[in-house]
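Peer 1: The following comprises the amino acid sequence and a computationally predicted model.
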Amino acid sequence: MESIASTLILLVLAIHALLLTFVLVRGARSLTIRAGQSGRLWVSLMILFSAGAVGLLIAPDFVLVERLTRPLVTSLALTALLVVYGALVIRDTGARLLPVWLLIGLIWIVGIIAAAFLADPAAAVLDNIIALRPPQTILEYVVVVGFVLVAVLLIGITFYRFYAAKLPEIANRALFWVLNAAALLAGAVITLSGTESLSIVGVLLLTVSAIGAVYAHTSYRVFDIRRELASALRGALVLTLTASFIFAAIILARGGDFALNPDTFAALGITALAVAILYLPARAIFERILNSVFNTSLINAADATRRYSQQISGALELDSLAEISTSTLNNVMRVRRSMLILVNDKGSNDSVVEFQTTTPPSNMQELKNARRIFPKNGIIYNKLGIHQQPLSQFDLEFNPVYKTLPESERQFFRDLGMSAYAPIIAENRLIGVLAVGAKRNDAPYYPRDLELLATLANQTGAALRNARLVTDLRQLNRDMQSLNTGLEDAKEQMERLDAVKTDFVTIASHELRTPLAQIRGYTDILDALTEQDELDQYQAASMVGNLRKAAERMEELITAMLDVSQIDVNALDLRFAQTSMEAVVRMAIEPLSDAIRQRKLYLSSRGLRGLPVIQADLQRLVQAFRNLIVNAIKFTPDGGRIDISASLQPAQDRGDVDHILVKITDTGVGIAKENLELIFRKFYRAYDPSLHSTGTYKFMGAGPGLGLTIAQGVIEGHGGKVWAESAGYDPETFPGSTFYVLIPLTPPADARRVAPFLLSDAVAQESAAIRSQG
């Protein structure tokens, strides 16, 4: 027994040495704020005095000087240990009694020494003072009274700091010192008992107290005492109940005889307790393994919420939030798929909301941006938006509460393929829904699962609101940029059109001045020849012919300007009658035959025969096609080719009519892509306005820039459409261009059938005269 005790004490001394080394070497790196360097000193002294008291237990009896024996030195070491420990506790808990404590401790130590040296030798005996008997000597009285006073003060100070703490962590630290001080006091008392077996217990308690002091000194937060005590109590109760059931089972297995002798009863009780001790941790381990294998372990709600919040906090845009929230939700709730549904207010009276899906699972892309309107007074909105409670698909299908739910609303949720839904609330308003599909283990959704989903949905509220604000703001910025770009484009077009008007003045003045100069010149010649009586019939006929050509050219220009004016105010008079596309194209080409021959152009037409008749204003439609063909002639070099083809385009939609598509293709200089729409603007010319020509059909000859505008107005007046396509403009490679004309067989009901354009009487008479001459 003595060898075992000696070995144990040596082991305890080694532990003290390790503790002291740890405090001196590593403790300096992890000092608590309150302990500081002074706390390091106190804990080091505590370890030294504790080691000294323990070491004296195995030291041989000695007498250093008269009456200074081993028991007295042991008592002094334990007394100093209690004083130093109290100083450490007071310093750590922040109490302001350190000077008072040190004074009391000094008085106690001096009192022990005085009682040992000044009292009668018979009265100075220190032997087994705690051997369940009252003190017998003065020295024992001094030791016991001092111990009681120190114990009461130490426990009282720590308890006071426990109740006065404003933070639970500080209270927990004070409670830790209470328990640690109790262990130290108990260890000191048992060590002073003088009994060898009890001294071993005292040594162990002193060691535990020293370890606790070092732990508290180097850790600013100690473990939760109350929680661990509750856990220990719960474990002890479970262990006791389990052992009791096992004990009862053993007794029943032995025949149910409870009349056992004490030894057998004790042996069976110890066996039941041992089996219970082994059974409880083994059961916990196997449960953890089986839950992992079968994926049935419960979800840690706190951990799931923390992980989910961390992931979605960085999402700034709606798309990224939808992707991050669903992927994170799949992991934390262990589901196969999930979805974020947006809820938008719809209607001027805010009586309905719109559910809109965002990023669906990869195998359900057809549900992207799926929409459904729900009334605010309906069952769905009442559950999610008013009561703000989660909803399961099973309830939607089978709960009698949802029996009156419209089938279309029920089908919307069926199509989503989800199993549960939780409302996303921001400022007490429903702004979204978090939906999850089936679990990976195909288990049903229990109330705790719906509660977790609702918690995660609440975490999503602020993130979704911010993401929608950011998305709306960026969309607004894009719209403003687009608007600014549109304004810049409009400004550029206005500048170009303004330049076009200036060019038109130049072109029109030239176009009008040329025939006017011819008319004036020939009239002057006629006047002079008439006065001289030298005008013969041949000369008169020639001059009259030239005058007629000049007048016709002026008529064309004025008529074009009048037509454009009518088109501008939607007053173009169209008189619809039955005709054919073949007749229209033939009548448009006939006046151009001489020009085509002179320019050595090759013109072909195909597909015109056999087309259905159309309802059209023949004169106006001929005018439109002639302008298109003249445009092809003017911008196709000599020897070039012009092809005209037509085909029937059947109606694509019910209620629509068949159309005829006419294509006019040339091998000319082509059209720049940025000008494909501008060429139909009035006065617009795609090329240098200085390149005009007195010849109407000369290559690159310029007119006033009204022909294509008139053609577009006439064709659109028939309910049709005209557009151009070209690879680009190149006067060297001649990429050519194609004009497409799409004309309905019968004009639609909203075709422009308006009254004739009203002019002043003089202008009206002039227009009528010009047309009658034509």
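Peer 2: Here it is on my side, so go on. Numbers count the residues shown, from 1 in each chain.
Peer 1: The stretch 201-350 of the chain: strands as residue ranges?
Peer 2: Read by DSSP state E, counting those that start in this stretch, the stretch 201-350 of the chain holds these strands, from start to end of the chain: 338-346.
Peer 1: repeat for the chain
Peer 2: Ranges of strands within the chain are 338-346, 352-357, 371-375, 391-392, 420-426, 429-436, 577-579, 602-606, 614-616, 641-649, 659-666, 721-726, 737-744, based on DSSP state E.
Peer 1: What strands line up against the last one, and which way round?
Peer 2: Okay, so that is strand 737-744. Taking DSSP bridges as the criterion, strand 737-744 sits next to strand 659-666 (antiparallel), strand 721-726 (antiparallel) in its sheet.
Peer 1: Among these, show me which one is buried the most.
Peer 2: The highest mean neighbour count among these belongs to strand 659-666 (a mean of 21), with neighbours defined as mean count of other CB atoms under 10 Å. Where you see a C-beta, it was placed from the backbone N, CA and C, and this is true even at glycine.
Peer 1: what pairs with V352 across the strands?
Peer 2: With beta bridges defined as DSSP bridges, V352 has these partners: K346, P375.
Peer 1: list the contacts for it?
Peer 2: For V352, the contacting residues are 346, 373-376, by CB atoms under 8 Å, 6 or more residues apart in numbering.
Peer 1: Swap in 10 Å and give it another go.
Peer 2: With contacts defined as CB atoms under 10 Å, 6 or more residues apart in numbering, V352 is in contact with 344-346, 373-378, 381.
Peer 1: closest to V110 among the residues you listed?
Peer 2: Distance to V110, by CB to CB, is smallest for Y381 among the contacts of V352, at 83.2 Å.
Peer 1: Return the distance of E409 relative to R372.
Peer 2: With distances taken as CB to CB, to the nearest Å, E409 is found 7 Å from R372.
Peer 1: Quick check: neighbours shared by the two?
Peer 2: Common contacts of E409 and R372 (CB under 10 Å, 6+ apart): 355, 380.
Peer 1: What's the ChimeraX line that selects buried ones from the contacts of V352?
Peer 2: One line in ChimeraX is enough to select the buried members of the contacts of V352, burial here meaning 16 or more other CB atoms under 10 Å:
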select :374,376,378,381
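Peer 1: Distance to W723 and pLDDT added to the contacts of V352, as CSV?
Peer 2: As requested, the contacts of V352 are exported to CSV (distance: CB to CB, whole Å; pLDDT from 0 to 100):
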residue, distance to W723, pLDDT
N344, 38, 86
D345, 41, 79
K346, 37, 71
I373, 39, 89
F374, 44, 90
P375, 46, 90
K376, 47, 89
N377, 50, 89
G378, 48, 90
Y381, 48, 91
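Peer 1: Among the contacts of V352, pick out the one closest to T271, please.
Peer 2: Nearest to T271 among the contacts of V352: Y381, at 64.1 Å, using CB to CB.
Peer 1: Pull up the gap between that closest one and P406, please.
Peer 2: 13 Å.
Peer 1: again, but for N631
Peer 2: Separation of N631 from P406 (CB to CB) stands at 60 Å.
Peer 1: circling back to that earlier point, shared neighbours, Y381 and P406?
Peer 2: 374-375.
Peer 1: How is the chain divided into domains?
Peer 2: The chain breaks down by automatic domain parsing into domains covering 2-223, 229-290, 301-463, 574-753.
Peer 1: Make JSON lines from the ones you listed and add distance to L473 to it.
Peer 2: Formatted as JSON lines, the entries for the domains of the chain read as follows, by distance: least, CB to CB, whole Å:
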{"stretch": "domain 2-223", "distance to L473": "42"}
{"stretch": "domain 229-290", "distance to L473": "49"}
{"stretch": "domain 301-463", "distance to L473": "10"}
{"stretch": "domain 574-753", "distance to L473": "33"}
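Peer 1: Quick one: closest of those domains to V470.
Peer 2: Of all the domains of the chain, the one in closest proximity to V470, counting by CB to CB, is domain 301-463 (5.2 Å).
Peer 1: Sounds good, over and out.
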